[in-house]
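Asker: Build the 3D model from these lines:
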Amino acid sequence: KQQEPADLLALDARGLLAECQQLIGGDRLKSLLARGFLLSQAVERWHARAIWVVSRADAEYPKRLKARLKEDAPPVLYGCGDAALLDTGGLAVVGSRDVDDQLVEYTEGVGRLVARAKHTLVSGGARGIDQAAMRGALETGGKVAGVLADNLERTALNREHRNLLIDGQLVLISPYDPSAGFNVGNAMQRNKLIYALADAALVVRSDYEKGGTWAGAVEQLEKLHFVPVYIRSNGEAGKGLEALRQKGALPWPNPETAEAFDQVLALPQTSEISNQEQLFLSTAKEPAPEYAAHNETPETGAQIIPRAASALATPAEELFAKVRVLLEKLDTPKTDAEVAAELNVSKGQAKEWLQRLVKEGVLEKISKPVRYCPTKVSGRLF
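Answerer: From the prediction side, this is the model:
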C-alpha cells in the first residue's frame with residue numbers, strides 16, 4: 001500500500017487498520033500496536049549492547065538486500081558494527097562446520113587474499129569454514145560482514161570482537177532476535193542473505209543433499225541466481241561439491257594475487273553470459289603477440305575479433321571468438337563431450353558452439369560416431 005509501519009499509529013489510521021484486517025485480525029493488530037512500552041524496553045536493551053535495529057521501511061536498510069530479495073528481505077534486521085559494509089559486495093565464503101585442519105588453513109588463506117584485495121568477506125559466522133574465512137580476513141586487516149543465525153547479542157559482546165566492531169572492521173547482522181538460540185530453519189533461511197550481500201560466492205566444502213551449505217548453494221544455483229557460485233577446485237572435491245558442479249557451480253580459479261582476485265569478482269554477472277562462459281573468459285589465453293598484431297592465428301589466418309573492436313562486442317561474442325581459435329587447432333576429431341571437458345564447460349554449451357562453427361564452415365561433423373574436426377581445405381586440416 002506504499003505506506004510505512006508508522007502510518008499504523010497515525011491519528012487517521014482507522015481506514016488503514018480496517019484494510020489490514022484482511023491479513024490480520026483487528027484485535028490482534030491493535031494489541032501488537034499497543035506494545036510500545038515493551039518495544040522501547042527491548043530497544044533500550046539492544047542499544048546498551050551497541051546493537052542497532054532497522055526495518056525494511058528505513059532508509060538505512062541495506063540496499064543490496066532490498067534490491068535482490070525484494071519482498072523476501074527480512075522485515076527487521078538487527079546488527080552491530082558499521083552497517084555501510086553491507087553494501088560493499090565482496091566474496092561470500094561458506095562451507096561445512098566439521099572440517100579438517102587442511103581445509104581450515106586453505107580457507108584462512110582465501111580470507112587473507114580477500115583482505116589483501118581490499119574487498120569485503122561475507123560469511124555466516126558458524127564454526128568450521130565460516131569462522132576460518134572470517135579469521136583469515138580479519139587477521140590481515142580486512143573487512144568482514146557476518147550474517148548470524150543465532151546469538152547476535154552474545155557474539156557482539158565477545159571480547160575478541162569488540163574492537164573489530166568499534167573500529168569498523170567487522171559488522172554482524174541477523175534477521176532474528178539478538179538473543180535467539182540456534183534453530184536449523186533460521187540457519188537455512190539466512191543463507192540467501194549471505195549470497196545477496198556478495199558479488200561472488202565460494203563453497204569450500206558441502207555435504208551431499210543435506211545441511212545448510214548444500215541448501216543455500218542449490219537455492220542460489222537453481223532459483224535465486226544472485227551471484228556466480230564457485231566450488232573449491234584443488235584437493236579432493238567430495239560428492240557434495242561435485243554435485244554442485246553438475247548443477248552449474250564453477251571451479252574456483254585459485255587467484256593468488258589481489259589483481260587476479262579482482263578479475264574474478266569483475267566477471268559479468270548478467271544473463272548475457274552463462275556461468276561456464278564467465279569462468280572460461282577469465283582463463284582463456286590471448287593469442288600470441290606476433291599473431292594478435294595481425295588478428296589471425298598462425299596456422300589459418302582466420303579472422304578473430306580485432307583488439308580495437310573487441311570493446312564493442314558482447315562478452316558472449318568475445319568468448320566465442322576465443323573458442324573459435326582453440327577449436328580451429330583440433331588435431332584429431334573430438335566428440336562434444338571431449339570438447340566440453342577440454343574447455344571446462346557443460347556439454348550443452350560445447351554442443352551449441354560446435355553446431356554454430358559447423359554452420360559457419362569452420363568445422364565439419366563426422367558421423368558414426370559423431371565427432372567434429374576442422375574443415376578440410378587444400379587437402380589439409382586447418
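
Asker: confidence score at L113?
Answerer: Listed pLDDT for L113 reads 98.

Asker: same check, this time on the one 3 residues further on
Answerer: The per-residue pLDDT reported for R116 equals 97.

Asker: Next: A243.
Answerer: Per the predicted model, pLDDT is 96 at A243.

Asker: and it, that's in a helix?
Answerer: Yes: using DSSP: H, G, I helix; E, B strand; the rest coil, the assignment for A243 is a helix.

Asker: Contact partners for it?
Answerer: If you count contacts by CB atoms under 8 Å, 6 or more residues apart in numbering, A243 has them with 208-209. (C-beta placed from N, C-alpha, C; glycine too.)

Asker: And it, how far from A217?
Answerer: 10 Å (CB to CB, to the nearest Å).

Asker: Likewise for E364?
Answerer: From E364 to A217 the distance is 40 Å (CB to CB).

Asker: So if I had to pick from the two, which one is more boxed in?
Answerer: A217 (26 against 15; other CB atoms under 10 Å).

Asker: Can you give me the neighbour number for V229?
Answerer: The burial count for V229: 26, using other CB under 10 Å.

Asker: max-length helix in the chain?
Answerer: helix 101-116 (DSSP state H).

Asker: elements contacting whichever helix or strand comes after it?
Answerer: Next along the chain after helix 101-116, taking DSSP states H and E as the criterion, comes strand 120-123. With contacts defined as 3 or more CB pairs under 8 Å, 6 or more residues apart in numbering; DSSP states H and E, the packing partners of strand 120-123 are strand 91-94, helix 101-116, helix 129-139, strand 143-147.

Asker: Buried residues of strand 120-123, list them for me.
Answerer: 120-123 (16 or more other CB atoms under 10 Å).

Asker: Can you give the contact residues for it?
Answerer: 85, 88-94, 111, 114-115, 129-131, 133-134, 137, 142-147, 194, 197-198.

Asker: Please repeat the previous calculation with a cut-off of 7 Å.
Answerer: By CB atoms under 7 Å, 6 or more residues apart in numbering, the surrounding residues in contact with strand 120-123 are 85, 88-94, 111, 114, 130, 133-134, 137, 142-147, 194, 197-198.

Asker: just stretch 210-228 next, same as before
Answerer: Stretch 210-228 has contacts (CB under 7 Å, 6+ apart) with 68, 94-96, 187-188, 191-192, 195-196, 198-201, 203, 206-208, 229, 240, 244, 247-250, 267, 269, 275, 278.

Asker: can we see that at 8 Å?
Answerer: 68, 92, 94-96, 124, 129, 184, 187-188, 191-192, 194-196, 198-201, 203, 205-208, 229, 240, 244, 247-250, 267, 269, 275, 278.

Asker: Alpha carbons of it, as PDB, please.
Answerer: Extracted in PDB, the C-alpha atoms of stretch 210-228 (Å, rounded to 0.1, in the frame of the first residue of the first chain):
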ATOM      1  CA  LYS A 210      21.900 -32.200   3.300                       C
ATOM      2  CA  GLY A 211      22.900 -29.300   5.500                       C
ATOM      3  CA  GLY A 212      22.700 -25.500   5.200                       C
ATOM      4  CA  THR A 213      25.600 -25.100   2.900                       C
ATOM      5  CA  TRP A 214      24.100 -27.500   0.400                       C
ATOM      6  CA  ALA A 215      20.600 -26.000   0.700                       C
ATOM      7  CA  GLY A 216      21.900 -22.400   0.300                       C
ATOM      8  CA  ALA A 217      24.100 -23.200  -2.700                       C
ATOM      9  CA  VAL A 218      21.400 -25.200  -4.500                       C
ATOM     10  CA  GLU A 219      18.900 -22.400  -3.900                       C
ATOM     11  CA  GLN A 220      21.300 -19.900  -5.400                       C
ATOM     12  CA  LEU A 221      22.100 -22.100  -8.400                       C
ATOM     13  CA  GLU A 222      18.600 -23.200  -9.300                       C
ATOM     14  CA  LYS A 223      16.400 -20.300  -8.200                       C
ATOM     15  CA  LEU A 224      18.000 -17.000  -7.000                       C
ATOM     16  CA  HIS A 225      21.000 -16.600  -9.300                       C
ATOM     17  CA  PHE A 226      22.300 -13.500  -7.400                       C
ATOM     18  CA  VAL A 227      26.000 -14.300  -7.900                       C
ATOM     19  CA  PRO A 228      28.300 -16.700  -9.600                       C
END
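
Asker: Could you check how far that stretch is from the centre of its chain?
Answerer: 9 Å (CA atoms, centre = their mean, to the nearest Å).

Asker: So what sits opposite A201 in the bridge?
Answerer: Bridge pairing for A201 (DSSP bridges) gives the partners A92, V229.

Asker: now it: how far from E342?
Answerer: In terms of CB to CB, A201 sits 26 Å off from E342.

Asker: Just want to know which of the two has more residues nearby.
Answerer: A201 (25 against 13).

Asker: so that one makes contact with Y230?
Answerer: Yes: between A201 and Y230 there is a contact under CB atoms under 8 Å: 6.7 Å.

Asker: In JSON lines: the helices and strands packed on strand 120-123, plus distance to L327 and mean neighbour count.
Answerer: As requested, those are arranged in JSON lines below (distance: least, CB to CB, whole Å; neighbours: other CB atoms under 10 Å):
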{"stretch": "strand 91-94", "distance to L327": "32", "mean neighbour count": "29"}
{"stretch": "helix 101-116", "distance to L327": "33", "mean neighbour count": "19"}
{"stretch": "helix 129-139", "distance to L327": "38", "mean neighbour count": "24"}
{"stretch": "strand 143-147", "distance to L327": "42", "mean neighbour count": "27"}
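
Asker: I appreciate the help and will end here.
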